[in-house]
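Engineer: Fold the following.
(2 chains)
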Amino acid sequence: MSISNEKDLVERAKSGDLEAFEQLIIGCQKKVFNIAFRMVGNYDDANELAQEVFIKAFRSIKNFKGDSSFSTWIYRITANVCLDELRKRKNRTIVSLDQDIELNDGDVKRQMPDNAPTPDMEAESNEVKSIVNESIQQLPDDYKSMIILRDIQGFSYDEISKIVNCPEGTVKSRINRARQALKKILQAKKELFDDEFVK
Amino acid sequence: MKNCEEILELLSLYIDNELDDATAKAVEKHIELCSSCKTELEQLREIIKMCNELDEVELPEDFNEVLHEKLKLEQKNMNENKKIIYMRNSLMRTVASVAAIFILIFAVRGFMYKGITTKNTNSSGTEIEPTGDVVYNTDIKAFDKEKDDVLSIEAADETQMYTYEMSEEIVRSAELYNSDETDSQNNSNENKFNVESDKNVSAASGATSTADQKNAPDETVMFKFSDGTETSDGTYSLAMQFGEELEVPVIGLTAYSSDFETDILKINEIAGKFGTKIKEDDTNASGSNMAKDLLVGGNPEFTLTNKADYVVSYSMDKLNYDKFIKEIKDKYKGKYYIVNNEEELNKRLKDVEGRIIELENSKKTNTDEYKSLMQEKENILNQLNSINSSSKIRVNITIVDN
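Structural biologist: Numbering: from 1, shown residues only, chains lettered A, B, ... in the order given. Sure thing, here's the model as predicted:
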């Protein structure tokens, strides 16, 4: 999409032209969906979030000033929507893992289901892939978004700083720390599995 | 020569070609000599490669269909809102104040007629019967768009709030009235009460009402809210019907001011650039002059929530309105606040505080993130303080088609 064409479509979308908006988002739908999918780790939730992203974008396109490209703006909304969702989830499930469950015939250790490998994730045909994905799901939200944006989606540092609304310096150090954290998780898993997927 | 620790910090950037040539060279040199850093580099590369290789998922087949339907609905809502562009807070205040005004009118009126009825019975011996049921609805349909449930619920709640305040007042007025009846010495009081009420009635009839003035209000209370629930406190019937005027698109902006006189001039100057002044009111009224007038004969302590010290109304078209908001936001950032901000600030504050606690719990108080969060928290608190401590200037804007 040429820049002038995009500008034209944005103007039309701002005045409520749905068709123009739909043309604008065609190019970034799959990326939005995939970012959401990796962020929440579940296909159905990703679907819901992606829809939410585009509805939010349509609602607030009036505020889009054109400082960045339209797609960057959309990815920024995506990041916000996903992080909000993850935050909400955390608030919902505050249960101490160490706390024993009291039963009539004595306490039992609380067991939590492992959230990472949902049936959707089993679609990751290859075991290594599913372990990588599982590890990404275990990262803190900030690091998770860095890995997804940089190493899965391949955005540049500059784009990432616009998407997450952080100075590039912060992005640089955060990506570094995110990779280190991911490495740690993977190495811990390596001890559990025989496959040597990390040299 | 850099040490391993420094090199490890740079590896990620090295992989992404984000280092300048000299630093990149230094990293390469170090890696040739240091096997542990070399392993580290290889491991990182491997991890990045594994992430790169994760498969992309495809969109669900009906993704666009579903989205299209949702967007169409959103578009419909947006078009409806074009006519009534509002900011939530100020709108609710408008609704609440109008509701309160009408409740006042009818309360005072109601007692008026009850008084007359009783009197007539006493003097001529003929009983005047109520000629029919007067059912009054709080009709907030205009704002009860499906897409904004919260809005309508809030409207109902606020209306209800005033209702309760009202019933207290009714009781008080009733006591006053009864004492007039039994104590002739208080007749002058009664007369005064009547005159004032008459004035209110005439003001009200100009506004809007389903009540026939000849009807004595029925002794039941029925509030019909948009969701169909009815409340009854069994004391009196109050009438409320919002008229056309609420459908006039009105936008309330509140600027909070510390230097009142200067800011009034300044705000008029800014707004004057984009629109035409319709009327202004600096009589320290609660929302509007009308509200103040109608309080005569009522409880002077009864105040409305949308207390503003200065109210001015402008009309402007949508384009100029956008420019006006932009100017306030850009040029007068930190000085004038659009009332909506208060809500946003509180929301952001909650998020920031939550994250701060999270960091504190995990003992990460030494990080950049923590510092910047603390800074942001302080900023927000300052802004909220200035909102709460200064006088309010309110700008009502009527959007006109051009």
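Engineer: all contacts plus neighbour counts: C-alpha atoms, from now on.
Structural biologist: Noted.
Engineer: Check what pLDDT the residue nearest to the spatial centre of chain A gets.
Structural biologist: The residue lying closest to the centre of chain A (C-alpha atoms, centre = their mean) is residue A:39, at 2.7 Å. Looking at residue A:39, its pLDDT is 95.
Engineer: May I see the domains of chain A written out as residue ranges?
Structural biologist: Per the record, chain A has its domains at A:1-92, A:118-199, by automatic domain parsing.
Engineer: Mind exporting the C-alpha coordinates of the helix or strand containing residue B:358 to CSV?
Structural biologist: In the assignment (DSSP states H and E), residue B:358 maps to helix B:340-361. In CSV, the C-alpha atoms belonging to helix B:340-361 read as follows (Å, rounded to 0.1, in the frame of the first residue of the first chain):
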residue,chain,number,x,y,z
ASN,B,340,-12.8,13.3,31.3
ASN,B,341,-9.2,13.2,32.2
GLU,B,342,-10.0,12.7,35.8
GLU,B,343,-11.4,9.3,35.1
GLU,B,344,-8.5,8.4,32.9
LEU,B,345,-6.0,9.5,35.4
ASN,B,346,-7.6,7.5,38.2
LYS,B,347,-7.5,4.4,35.9
ARG,B,348,-3.9,4.9,35.0
LEU,B,349,-3.0,5.5,38.7
LYS,B,350,-4.5,2.2,39.6
ASP,B,351,-2.5,0.4,37.0
VAL,B,352,0.7,2.2,38.0
GLU,B,353,0.2,1.4,41.6
GLY,B,354,-0.5,-2.2,40.9
ARG,B,355,2.7,-2.6,39.0
ILE,B,356,4.6,-0.8,41.7
ILE,B,357,3.4,-3.2,44.3
GLU,B,358,4.2,-6.1,42.0
LEU,B,359,7.8,-4.8,41.7
GLU,B,360,8.1,-4.2,45.4
ASN,B,361,6.9,-7.7,46.2
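Engineer: Enumerate the positions of that helix that are buried.
Structural biologist: B:342, B:345, B:349, B:352, B:355, B:356, B:359 (16 or more other C-alpha atoms under 10 Å in any protein chain shown).
Engineer: rewinding a little: what about the residue nearest to the centre of chain A, distance to chain B?
Structural biologist: The gap separating residue A:39 from chain B is 13 Å, by C-alpha to the nearest C-alpha, to the nearest Å.
Engineer: Double-check that residue against residue A:137; I have them as touching.
Structural biologist: Yes. Between residue A:39 and residue A:137 there is a contact at 7.3 Å, judged by C-alpha atoms under 8 Å.
Engineer: Next, show the common contact partners of those two.
Structural biologist: residue A:144 (C-alpha atoms under 8 Å, 6 or more residues apart in numbering or on different chains).
Engineer: Strands of chain A, start to end?
Structural biologist: For chain A, the strands defined by DSSP state E cover A:101-103, A:106-108.
Engineer: So which bits of chain A are right by chain B?
Structural biologist: Within chain A, the positions adjacent to chain B are A:16, A:18, A:30, A:33-34, A:47, A:51, A:54-55, A:58-59, A:124, A:129, A:132-133, A:147, A:151-154, A:172, A:175-176, A:179-180, A:183, A:198-199 by C-alpha under 8 Å from any C-alpha of the partner chain.
Engineer: next one: the helix of greatest length in chain A to chain centre, how far?
Structural biologist: The longest helix of chain A (DSSP state H) is helix A:168-192. Relative to the centre of its chain, helix A:168-192 is centred 16 Å away, using C-alpha atoms, centre = their mean, to the nearest Å.
Engineer: How about residues contacting that helix?
Structural biologist: With contacts defined as C-alpha under 8 Å, 6+ apart, helix A:168-192 is touched by A:131-132, A:135-136, A:138-139, A:142-144, A:146-147, A:150, A:157-158, A:160-161, A:196-198, B:9, B:11-13, B:43-44, B:47.
Engineer: Could I get the average pLDDT for it?
Structural biologist: pLDDT averaged over helix A:168-192 gives 90.
Engineer: Which residues belonging to it are considered buried?
Structural biologist: A:168, A:171-172, A:174-183, A:185-187, A:189-190.
Engineer: picking that back up, check pLDDT for the buried residues of helix B:340-361 and point me to the minimum.
Structural biologist: Within these, pLDDT is lowest for residue B:342, at 59.
Engineer: For the stretch 51-200 of chain B, which residues are neighbours of chain A?
Structural biologist: So the stretch 51-200 of chain B meets chain A at B:51-60, B:63, B:67, B:70-72, B:74-75, B:78-79 (C-alpha under 8 Å from any C-alpha).
Engineer: What subset of those residues is buried?
Structural biologist: Buried among these by 16+ other C-alpha under 10 Å: B:51, B:52, B:54, B:56, B:57, B:59, B:67, B:70, B:71, B:74, B:75, B:78.
Engineer: Counting by contacts, list what the host helix or strand of residue B:322 packs against.
Structural biologist: Here residue B:322, judged by DSSP H and E, is contained in helix B:318-331. On a contact count with 3 or more C-alpha pairs under 8 Å, 6 or more residues apart in numbering or on different chains; DSSP states H and E, helix B:318-331 meets helix B:260-274, strand B:391-400.
Engineer: same thing but at 10 Å, please
Structural biologist: strand B:250-257, helix B:260-274, strand B:310-317, strand B:391-400 (3 or more C-alpha pairs under 10 Å, 6 or more residues apart in numbering or on different chains; DSSP states H and E).
Engineer: Would you mind giving the buried residues of helix B:340-361 as TSV with distance to chain A added?
Structural biologist: Below are the buried residues of helix B:340-361 laid out as TSV (distance: C-alpha to the nearest C-alpha, whole Å):
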residue	distance to chain A
B:342	19
B:345	16
B:349	14
B:352	12
B:355	10
B:356	13
B:359	12
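Engineer: can you tell me which of these lies nearest to residue B:371?
Structural biologist: Distance to residue B:371, by C-alpha to C-alpha, is smallest for residue B:356 among the buried residues of helix B:340-361, at 9.3 Å.
Engineer: my read: that closest one touches residue B:377, true?
Structural biologist: Yes. When contacts are counted by C-alpha atoms under 10 Å, residue B:356 is listed as touching residue B:377 (9.3 Å).
Engineer: so what sits against both of these two?
Structural biologist: B:350, B:371 (C-alpha atoms under 10 Å, 6 or more residues apart in numbering or on different chains).
Engineer: So which of the contacts of helix A:168-192 are in helices?
Structural biologist: A:131-132, A:135-136, A:138, A:142-144, A:146, A:157-158, A:160-161, B:9, B:11-13, B:43-44, B:47.
Engineer: what's the burial count for residue B:21?
Structural biologist: By other C-alpha atoms under 10 Å in any protein chain shown, 10 other residues sit near residue B:21.
Engineer: so what's it up against?
Structural biologist: So residue B:21 contacts residue B:27 (C-alpha under 10 Å, 6+ apart).
Engineer: how close does it get to residue B:13?
Structural biologist: 12 Å (C-alpha to C-alpha, to the nearest Å).
Engineer: Equivalent analysis for residue B:57, please.
Structural biologist: 28 Å.
Engineer: And residue B:382, by the same measure?
Structural biologist: The gap separating residue B:382 from residue B:13 is 38 Å, by C-alpha to C-alpha.
Engineer: If you count surrounding residues, which of those two has more?
Structural biologist: A count of neighbours by other C-alpha under 10 Å puts residue B:13 above the other of residue B:382 and residue B:13, at 18 against 13.
Engineer: Surely that one and residue B:44 touch.
Structural biologist: No. Between residue B:13 and residue B:44 there is no contact under C-alpha under 10 Å: 11.1 Å.
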